[in-house]
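J.: sequence first, then the predicted structure:
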Amino acid sequence: MNALPQRPVVVAAALLLAVALSVSAAPAFNTGIKPPPVGGGSGQAEEQVGDLDAVGIDEHLDAQLPMDLMFRDETGAAVRFGDLFTADRPVILTLGYYRCPMLCSLVLNGLADSLKELDLNPGEHFDMVTVSIDPGDSHVLAGKKKQSYLRYYDREGAENSWAFLTGDEEPIRELAEAVGFRYEYLPDQDQYAHAAVIFVLTPEGRVSRYLYGVQYEPTTMRLGLVEASEGKIGTITDRFLLFCYHYDAAAGTYGPAAVKIMRLGGFVTLVALAFVVGFFWLRELRRKRTAVKEAAT
């Protein structure tokens, strides 16, 4: 008895193999881009102080921060840096100084404005730490700054989850060096030159993401926090977006990751073709069984 035609099965199987090979062979491109200079908007602040390239950001992604550093909180009480972290919440870190005439306030304003747009809550989904780089700043000044931003942010839970710290020169420098925050005191102006940036940290105190500038797109902020939490906060949709998106430091936002999307599309196609192959296979099998029964009778 002649075999029934199996061309549909052969064609579908060939397509299935081709897609599988293309998905597995997709290259893992390096999408890391150094942040652009900050003059306005997003990027990296670089200023020439004297003859030294003294101000800017050196990204230390995944660096473990020194958790035993001691500071003073806004009440004047001694606080260990690591005690401000919990096991399941990321931390947003900002560095500046409390008598800063403009830039530090713009950074904190931008942070609060972005967080206002999110349904993530301080003390529940994340914590915040603001550290003064000026050893001369007092805890009294830190307390005043905190109260002004608690009123501005106006979100329940911020009182106990947003610390405003002061400290001595040594721990301040050590923390700044750990995150790659280069700053310089300008004695003629009695001010500090520094970059406009916030740091998103993991619950373990590692550097997860740098967000540059003085305005932070809410979706970028949200995905940065979800990424730093390693899935401990956020929704399934957030995690799906993180799979398909990567952080573009040049743009300062999360954008589509072409390779990941290609792989996802290939996987979906692979599954679809598997169903097609299965359908034709079962149909051929039924035909053969029917032919055998008819031949037997």
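T.: Looks like it came in fine.

J.: C-alpha from now on. contacts and neighbour counts both.
T.: Fine.

J.: endpoint to endpoint, stretch 160-169 covers what distance?
T.: Separation of the first and last residues of stretch 160-169 by CA to CA, to the nearest Å is 26 Å.

J.: ugh, wrong one, stretch 127-140
T.: OK, stretch 127-140 end separation, CA to CA: 21 Å.

J.: sec struct for residue 224, please.
T.: Secondary structure, DSSP: H, G, I helix; E, B strand; the rest coil: residue 224 is helix.

J.: wait, it sits on residue 209?
T.: Yes. The criterion here is CA atoms under 8 Å, and residue 224 meets it with residue 209 at 6.6 Å.

J.: which stretches of the stretch 51-200 of the chain form helices?
T.: Using DSSP state H, counting those that start in this stretch, the helices of the stretch 51-200 of the chain run over residues 103-116, 139-153, 169-179.

J.: so which elements touch the second one?
T.: Counting contacts by 3 or more CA pairs under 8 Å, 6 or more residues apart in numbering; DSSP states H and E, helix 139-153 is packed against helix 103-116, strand 162-165.

J.: which one of the ones you listed lies nearest to residue 146?
T.: strand 162-165 (6.3 Å; CA to CA).

J.: make a markdown table from the helices and strands packed on helix 139-153 and add distance to residue 219, mean pLDDT and mean neighbour count to it.
T.: A markdown table is the format used below for the helices and strands packed on helix 139-153 (distance: least, CA to CA, whole Å; pLDDT from 0 to 100; neighbours: other CA atoms under 10 Å):
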| stretch | distance to residue 219 | mean pLDDT | mean neighbour count |
| --- | --- | --- | --- |
| helix 103-116 | 9 | 97 | 19 |
| strand 162-165 | 21 | 99 | 25 |
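
J.: for residue 180, find the nearest of those.
T.: Comparing the helices and strands packed on helix 139-153 by CA to CA, helix 103-116 comes nearest, at 17.3 Å.

J.: now the helices and strands packed on helix 139-153 in CSV, with distance to residue 95?
T.: Shown next, in CSV, are the helices and strands packed on helix 139-153 (distance: least, CA to CA, whole Å):
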stretch, distance to residue 95
helix 103-116, 8
strand 162-165, 10
